[in-house]
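> Structure for the following, please:
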Amino acid sequence: YRLPEVREGIAEGQTVHWCEGEKDADALAGIGIVATSHHQGAGRAHPLQASSISDARRIRLWVDKDPEHPEVGAYDAWRRFTLLVDAGMDSGRIVFWRAPGPWRGRHAVKDPADMLAAGYSLDDAVQCGRDKVRDIAMRFTPAAGRRSGYEMWANPAARTKARNVDPHYWSKRARGDDRA
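Residues are numbered from 1 along each chain as shown. You can find the predicted model right below:
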């Protein structure tokens, strides 16, 4: 998503922000940030998308704060991380970030678009520890994805086609399971 602008930003040595949705990428691009997304929400990132940006100097992966099921946003961010590493990117050039503010309630701020709409700036974003994101992602189940409203998780055939891997591939990778 927004690939021409992203490729130009990479050529200029800018940090690329990879978000969970197009709305977030557009919001960040609106304030002059090089941003991309994968289409149709959580769990839809593809190896080709990762390989097209893996030569960036630095990538900021945004973790959505799904209030009832934080493992869904963490799982999606961890999946993007592993896709980038599999594409040859040095893991030290990848950082995880989330929107500031509360996770629940009237003033909850879920993602970059919400963050900017609530009057926060990019400087207010919070860096997330890689181990913390991985640990939360390991709690992910397809049922949590369905409960969060991601229709992809309701259809096993679509899930398998979209990920082209077994349902536990990414959690096995997170644990370092060699059979993944």
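> Next, count neighbours for Gly73.
25 (other Cβ atoms under 10 Å). The C-beta positions use only the backbone N, C-alpha and C, and glycine is treated the same way.
> now swap in the one 10 residues further on and tell me
One way to gauge burial is a neighbour count; for Leu83, by other Cβ under 10 Å, it gives 22.
> Point to the residue nearest the middle of this structure.
Ala77 (3.3 Å; Cα atoms, centre = their mean).
> Could you point out the helix or strand that follows the helix or strand harbouring it?
Take DSSP states H and E as the rule and Ala77 turns out to sit in helix 70-86. Beyond helix 70-86 in the direction of the C-terminus, DSSP H and E gives the next helix or strand as strand 94-98.
> now that following strand against helix 70-86, angle please.
160 degrees (axes from the mean of the first three to the mean of the last three Cα atoms, to 10 degrees).
> what about the helices in this protein?
For the chain, the helices defined by DSSP state H occupy 3-11, 22-29, 47-53, 70-86, 112-117, 130-137, 142-147, 156-163, 169-175.
> Out of those helices, name the one with the poorest average pLDDT.
Here the helices of the chain differ in mean pLDDT, and the lowest is helix 156-163 at a mean of 45.
> Please identify the buried residues of stretch 81-94?
By 16 or more other Cβ atoms under 10 Å, the buried positions in stretch 81-94 come out as Phe81, Thr82, Leu83, Leu84, Ala87, Met89, Ile94.
> What of stretch 15-23?
So, applying 16+ other Cβ under 10 Å, buried residues of stretch 15-23: Thr15, Val16, His17, Trp18, Cys19, Glu20, Gly21, Glu22.
> start to end distance for it?
Stretch 15-23 has an end-to-end distance of 19 Å (criterion: Cα to Cα, to the nearest Å).
> So which residues make contact with that stretch?
For stretch 15-23, the external contacting residues (Cβ atoms under 8 Å, 6 or more residues apart in numbering) are 1, 6, 9-10, 25, 28, 33-39, 41-42, 53, 56-62, 64, 73, 76-77, 80, 111-113.
> In PyMOL, select just the buried ones from the residues you listed.
To isolate the buried members of those in PyMOL, using 16+ other Cβ under 10 Å:
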select buried, resi 1+6+9+10+25+28+33+34+35+36+37+38+41+42+53+56+59+60+61+62+64+73+76+77+80+111+112+113
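> Quick check: nearest residue in space to Arg2, chain neighbours excluded?
Counting by Cβ to Cβ, 6 or more residues apart in numbering, Arg2 lies nearest to Thr36, which is 5.3 Å off, once chain neighbours are set aside.
> what's across from that neighbour in the sheet?
Trp18 (DSSP bridges).
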